[in-house]
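Asks: Please work out how this folds:
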Amino acid sequence: MKLYLSSFGVGDSTARLSEMMGTGPVAMIPNAMDHVGEPDRTLSNERARGQIEALGIEVEEIDLRDFFDARGALPSALEPFAGVWVRGGNTFVLRRAMSLSGFDTLLPDLLASGKVYGGYSAGVCVLAPSLEGIGRVDDPDVDPYGLGRTIWEGLAVLPYLVLPHYRSDHPESRAIDGEVEYCERHGIAFRTLRDGEVIVVDGDPDV
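Replies: Residues are numbered from 1 along each chain as shown. Just a heads-up that it's a prediction; the model follows:
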């Protein structure tokens with residue numbers, strides 16, 4: 001299993017990210033921002049894409065909404081890529097998009113095939129066993145697709161919840177302090193990341 005998990009943006013271990021992804025191509029998953037209106041969404045996605053391209057990695061955007069009614073087409077769409085880069089935004093919006101497109105059920109096969117899963121913020125939070133513990137930072141009721149329910153189950157790739165932006169110069173940093181307290185009170189396994197910090201996994205994710 002190959003994971004590159006950043007608190008914010010590409011983080012401070014870009015040499016390792018380049019080593020893992022090579023020259024790509026990499027599929028950027030933008031859907032954690034689907035609740036944001038234009039032009040802010042497009043501008044933000046362009047910045048996120050540009051950070052990866054600045055490392056000399058070829059990037060192509062793969063919008064999971066294109067597969068909501070064609071879930072069976074997603075495996076072949078992702079097959080040519082060295083890995084995926086899942087940007088931040090709202091964790092619950094991203095989780096809904098992953099469910100509606102079938103990305104959640106496909107991910108174990110992607111990881112088993114050696115593809116890299118990279119991302120930041122929401123793209124990392126979603127890998128937890130449960131999304132309980134992030135619901136005070138990200139609004140769980142935001143539902144741009146009209147699914148009608150909140151998905152609290154995470155992808156369970158990691159055995160803990162990552163809390164990004166911890167004690168960082170980020171607008172959500174103070175709210176993350178509250179999530180730390182919540183997780184401690186309720187016995188939720190978690191790990192904090194300051195902006196710039198990265199978790200790199202190449203094998204066993206129990207780190």
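Asks: before we move on, which element is residue 99 in?
Replies: Applying DSSP states H and E as the criterion places residue 99 in helix 91-101.
Asks: what does that helix contact?
Replies: With contact meaning CB atoms under 8 Å, 6 or more residues apart in numbering, helix 91-101 is reached by 29, 31-35, 64-65, 67-68, 71, 74, 86, 103-104, 107, 122-123, 125-126, 131, 134-135, 138-145, 147, 150-151, 154-155. For every residue, glycine as well, the C-beta is placed using N, CA and C.
Asks: do the same with stretch 180-188
Replies: Under CB under 8 Å, 6+ apart, the answer for stretch 180-188 is 130, 132-133, 136, 161, 163, 166, 189-190, 192.
Asks: Next, the buried residues of it.
Replies: 180, 182-183, 188 (16 or more other CB atoms under 10 Å).
Asks: How far does that stretch sit from its chain's centre?
Replies: 22 Å (CA atoms, centre = their mean, to the nearest Å).
Asks: Narrow the contacts of stretch 180-188 to those in strands?
Replies: In strands, judged by DSSP state E, the following of the contacts of stretch 180-188 are found: 161, 163, 190, 192.
Asks: Leaving out the residues flanking it, which one is nearest to the most centrally placed residue in the chain?
Replies: Nearest to the mean C-alpha position of the chain, counting by CA atoms, centre = their mean, stands residue 123 at 0.9 Å. Nearest residue to residue 123 in three dimensions, chain neighbours excluded: residue 86, at 3.2 Å (CB to CB, 6 or more residues apart in numbering).
Asks: I'd like the average pLDDT over the helix holding residue 99.
Replies: Average pLDDT, helix 91-101: 97.
Asks: do stretch 131-141 as well
Replies: Stretch 131-141 comes out at a mean pLDDT of 94.
Asks: do the same with stretch 108-118
Replies: Mean predicted confidence for stretch 108-118 is 96.
Asks: where do the helices sit along this structure?
Replies: 14-21, 40-53, 74-78, 91-101, 103-112, 122-125, 173-186 (DSSP state H).
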